[in-house]
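Novice: Got a predicted model here, sequence first, then my questions.
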Amino acid sequence: MHNALVRFKPLLVFLLLGLLILSLSRLGLALYFHQEISEVNGWLTVFLQGLRVDFASLCLLLALPALLLAVLPSSLLKPRFTQVVLVFWLALTACFLLFLELSTPDFILEYGLRPNRLFVEYLAYPQEVFSMLFKGRPVQSTGTLLISAVAAWALIRLATPLVKNSSSAPLGLMSHATVTLVVILVGFAGIRSSTGHRPMNPAMIAFSSNPTVNVLPLNSFYSVAHATRDMLKVGKSASELYGSLSEEEVINQIRLSSHLPDYAFDHPDIPTLAFRQSSNQGQDKNIVIILEESLGAQFIGSLGGLPLSPNFDRLSEQGWAFSNLYATGTRSIRGIEAILTGFTPTPNQSVVKQPKSQQDFFTLAETLNEQGYDTTFYYGGESHFDNMKGFFLSNGFSNVIEQKDYVEPVFEGSWGVSDEDLFTKADEEFKRLHAEGKPFFGFVFSSSNHDPFEFPDDRIELYEQPKNSRNNAAKYADYALGTFFEKAMAAPYWKDTIFLVIADHDSRVFGSDLVPIKHFHIPGLIIGGGIEPQRDDRLVSQIDMAPTLLSIAGIDAHTPLFGRDLSNPTINFIGRAMMQYDKNFAYMEEDQVMVFQPHKPADQFRFDRVEKRLFATELSPELAKKAHAHAIWGSMAYENEWYRD
């Protein structure tokens with residue numbers, strides 16, 4: 001027994017050290033969110049379940065060195081190579097846990113959740129991410145790296161003598177067998193942390209309607225590891241998370257939602273493919289979509305937000321302004337997915353990055369390309385980010401203009417050239433195409449309103465100090481937008497072009513509700529030749545924009561879109577929107593909201609537009625079925641390759 005304790009002393013020390021690191025981090029986060037925890041009487045749950053998650057995480061991380069210590073005889077533990085491997089494994093494990101916990105506060109304040117799939121996905125773009133972090137959060141970023149480096153040195157110093165001493169404790173054959181069996185049993189039980197048919201997962205730990213409180217019992221290693229596993233698990237579908245419905249029922253609900261007649265669906269193999277006749281039977285119009293980065297309703301004065309958008313507010317009085325429009329997600333590629341393809345959100349990655357959608361996946365560009373339009377993506381940064389370039393060029397876009405294509409831009413930041421440079425380039429191209437008699441579809445994606453919020457000096461009267469703040473960047477984005485429309489309205493292409501100005505998502509999407517509805521509220525405006533001014537108060541979604549644009553541009557086409565043509569006066573529909581917040585899906589119909597969480601029954605709420613909060617209400621089976629169909633349609637359509645023309 002004594003020799004076994006000596007042999008496993010390094011593991012026991014680092015197990016306790018890991019528990020200490022994770023518990024102190026959780027305590028700090030809990031104190032910061034003390035009010036939210038108290039509201040749900042969650043103190044005991046947060047720390048008891050937290051201990052459970054931490055033990056499971058450490059069992060996973062220490063399983064390999066535990067097996068080595070259990071199986072190897074002393075003669076194989078004494079060589080320097082073996083000891084170095086064990087020392088670095090233990091030290092780097094503890095250091096990695098510390099690094100993730102140090103990175104958590106900024107992430108949780110931005111997204112309301114612990115580091116998750118987004119954290120992993122951003123690792124593929126180190127140049128943009130490191131530039132964003134060290135310019136936007138220099139103190140936090142530098143501090144995290146310095147503390148982690150010092151900790152790594154100290155942990156190696158701590159582990160070295162412990163590992164060396166452990167090799168001097170010989171075990172007999174029976175002891176090796178007994179210890180190995182104990183390690184396997186404890187490791188398996190610890191990692192699984194459940195006696196049910198399914199191992200522990202975040203859904204088991206969740207206990208409140210506040211998603212931020214629900215992630216406090218987790219640790220950031222566990223959150224990232226679980227997200228990574230889900231990303232690697234090919235074929236993970238919404239029906240696995242939210243429960244299944246028959247294909248017939250799902251298709252029926254989706255078709256009803258489109259408000260198209262049954263005879264419009266004329267393809268036996270593509271359930272939503274339908275012929276849509278445009279509401280404008282005159283000359284076909286050019287279409288320009290201006291996708292504004294992170295410009296949620298909270299930054300738009302005319303939508304009750306901060307007074308940062310005088311140009312957008314002025315333009316709203318000259319066009320078709322949507323006051324009750326909602327994004328489908330919290331990422332740019334989710335907004336691209338909804339606006340450009342009309343596709344519904346899923347708990348998986350956006351189709352912009354999914355393998356089955358890298359060709360023959362419907363986009364507006366595909367339809368307009370077939371109609372003879374120039375189809376160009378205009379971006380100020382590097383278009384490889386989030387696989388945008390690959391997805392676009394494979395699905396209807398003929399050209400991509402990105403950072404390398406700008407000659408002597410007025411300003412370059414972490415995410416590329418400024419919005420001014422972007423709009424100047426787009427305006428030049430639109431004038432050229434119009435002069436050549438070529439109809440065009442331009443997809444213009446801004447980037448200045450993005451952390452670290454860099455933009456040219458002397459353009460706006462700063463809303464606050466320091467200059468590089470979220471609110472100042474939003475005000476600059478509005479300035480650049482206004483400057484562009486001054487040029488566009490004076491240009492010869494104006495009368496022949498329809499513009500959609502819309503946000504991809506809001507900034508800092510978090511809150512105490514399972515899905516923070518208020519942070520999905522975004523601005524939307526259709527303006528241009530022949531567009532009559534109006535304020536539209538109907539509840540609408542980003543997925544309604546594609547069919548509406550095709551209709552008012554005069555494009556008759558077969559498309560798989562099931563969003564609604566908002567320009568059709570014969571449709572009298574109940575407003576609806578859908579939102580994906582990490583693994584939670586919300587379907588909103590007027591003020592009623594159905595929320596699906598993984599492996600849990602649906603919950604229904606009423607959205608109070610004054611308090612901007614969800615309040616629990618009685619479940620409607622009819623609404624639950626409709627919402628359920630919308631929740632799993634995206635995964636079903638993707639897997640069956642139904643979203644094509």
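Specialist: That came through fine.
Novice: From here on, just use CA atoms for contacts and neighbour counts.
Specialist: Noted.
Novice: My guess is E412 contacts D419. True?
Specialist: No - the pair E412 and D419 fails to qualify as a contact (CA atoms under 8 Å) at a distance of 9.8 Å.
Novice: Give the residue from the two that has the larger number of neighbours.
Specialist: Applying other CA atoms under 10 Å to E412 and D419 shows that D419 carries more neighbours, namely 30 against 19.
Novice: which residues sit in contact with that one?
Specialist: Going by CA atoms under 8 Å, 6 or more residues apart in numbering, D419 touches 380, 446-448, 477, 480-481.
Novice: Redo those as JSON lines? Include neighbour count, distance to Y125 and pLDDT.
Specialist: Compiled in JSON lines, the contacts of D419 are given as follows (neighbours: other CA atoms under 10 Å; distance: CA to CA, whole Å; pLDDT from 0 to 100):
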{"residue": "G380", "neighbour count": "29", "distance to Y125": "16", "pLDDT": "96"}
{"residue": "S446", "neighbour count": "29", "distance to Y125": "18", "pLDDT": "97"}
{"residue": "S447", "neighbour count": "26", "distance to Y125": "16", "pLDDT": "95"}
{"residue": "S448", "neighbour count": "31", "distance to Y125": "18", "pLDDT": "94"}
{"residue": "A477", "neighbour count": "29", "distance to Y125": "24", "pLDDT": "98"}
{"residue": "A480", "neighbour count": "22", "distance to Y125": "27", "pLDDT": "98"}
{"residue": "L481", "neighbour count": "22", "distance to Y125": "27", "pLDDT": "98"}
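Novice: mind listing which of those are in helices?
Specialist: Residues from these lying in helices, with DSSP state H as the criterion: 477, 480-481.
Novice: any chance of those in CSV, plus distance to V595?
Specialist: Below are the ones in helices among the contacts of D419 laid out as CSV (distance: CA to CA, whole Å):
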residue, distance to V595
A477, 33
A480, 37
L481, 35
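Novice: now, among those, which is nearest to F605?
Specialist: Nearest to F605 out of the ones in helices among the contacts of D419 is A477 (CA to CA; 34.7 Å).
Novice: The closest one and S448 touch, don't they?
Specialist: Yes - counting by CA under 8 Å, S448 is a contact partner of A477 at 6.5 Å.
Novice: Could you list the low-pLDDT ranges of the stretch 101-250 of the chain?
Specialist: The stretch 101-250 of the chain contains residues with pLDDT under 70 at 169-172, 176, 197, 232-236.
Novice: can you give me the strands in it?
Specialist: Per DSSP state E, counting those that start in this stretch, the stretch 101-250 of the chain has no strands. Nothing in it meets that criterion.
Novice: Sketch out the helices for it, chain order is fine.
Specialist: Under the criterion DSSP state H, counting those that start in this stretch, helices of the stretch 101-250 of the chain are mapped to 117-121, 126-136, 138-166, 173-192, 202-205, 211-215, 220-232, 238-242, 247-258.
Novice: got a list of contacts for the last one?
Specialist: Residues from elsewhere that reach helix 247-258 (CA under 8 Å, 6+ apart): 262, 271-272, 562-564, 626, 629-630, 632-633.
Novice: Could you list the buried residues of that helix?
Specialist: Within helix 247-258, the residues scored as buried using 16 or more other CA atoms under 10 Å are 250-255, 257-258.
Novice: Would you mind listing where this structure has pLDDT under the threshold?
Specialist: Ranges of the chain meeting pLDDT under 70: 1-3, 169-172, 176, 197, 232-236.
Novice: Domain parsing of it, as residue ranges.
Specialist: Per the record, the chain has its domains at 2-232, 247-541+566-639, by automatic domain parsing.
Novice: Among the ones you listed, show me which one is buried the most.
Specialist: domain 247-541+566-639 (a mean of 20; mean count of other CA atoms under 10 Å).
Novice: Next, the distance between the ends of that one.
Specialist: 12 Å (CA to CA, to the nearest Å).
Novice: quick one: that domain to chain centroid distance?
Specialist: Domain 247-541+566-639 has its C-alpha centroid displaced from the chain centroid by 14 Å (CA atoms, centre = their mean, to the nearest Å).
Novice: how near is S469 to S141?
Specialist: For S469, the distance to S141 - CA to CA - is 17 Å.
Novice: Please apply the same query to N210.
Specialist: 28 Å.
Novice: about what we covered before: and of the domains of the chain, who's closest to H558?
Specialist: Using CA to CA, the domains of the chain put domain 247-541+566-639 closest to H558, at 4.3 Å.
Novice: who touches the residue sitting nearest the centre point of the chain in this structure?
Specialist: Nearest to the mean C-alpha position of the chain, counting by CA atoms, centre = their mean, stands R331 at 3.8 Å. Residues near R331 by CA under 8 Å, 6+ apart: 504-505.
Novice: Can you tell me how far it is from L295?
Specialist: According to CA to CA, R331 stands 12 Å off from L295.
Novice: can you list residues touching both of those two?
Specialist: With CA under 8 Å, 6+ apart as the test, R331 and L295 both reach 504-505.
Novice: Dump the helices of the stretch 101-250 of the chain to a markdown table, plus distance to P621.
Specialist: Putting the helices of the stretch 101-250 of the chain into a markdown table (distance: least, CA to CA, whole Å) gives the following:
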| stretch | distance to P621 |
| --- | --- |
| helix 117-121 | 32 |
| helix 126-136 | 45 |
| helix 138-166 | 48 |
| helix 173-192 | 35 |
| helix 202-205 | 23 |
| helix 211-215 | 25 |
| helix 220-232 | 30 |
| helix 238-242 | 15 |
| helix 247-258 | 14 |
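Novice: Is M578 bridged to anything, and to what?
Specialist: In this entry, M578 is beta-bridged to Y587, by DSSP bridges.
Novice: Kindly provide the distance from it to L549.
Specialist: 20 Å.
Novice: Then I527?
Specialist: As for I527, its distance to L549 is 11 Å (criterion: CA to CA).
Novice: Now list whatever residues contact both of the two.
Specialist: I498.
Novice: Can you give me the first-to-last residue distance of stretch 411-419?
Specialist: 9 Å.
Novice: my bad, should have said stretch 226-240
Specialist: End residues of stretch 226-240 are separated by 16 Å (CA to CA).
Novice: and the residue nearest to K600 when sequence neighbours are not counted, what is it in contact with?
Specialist: Spatial nearest neighbour of K600, excluding adjacent residues (CA to CA, 6 or more residues apart in numbering): Y242 at 7.0 Å. Each residue near Y242 by CA under 8 Å, 6+ apart is listed here: 596-601, 628, 631-632.
Novice: Please give me every residue in contact with T178.
Specialist: By CA under 8 Å, 6+ apart, no residues touch T178.
Novice: my bad, should have said I287
Specialist: Listed by CA under 8 Å, 6+ apart, the contact set of I287 reads 440-442, 497-500, 549, 553.
Novice: mind checking how far it is from F585?
Specialist: Distance from I287 to F585, by CA to CA: 31 Å.
Novice: any idea how far I527 is from Y379?
Specialist: Relative to I527, Y379 is positioned 21 Å away (CA to CA).
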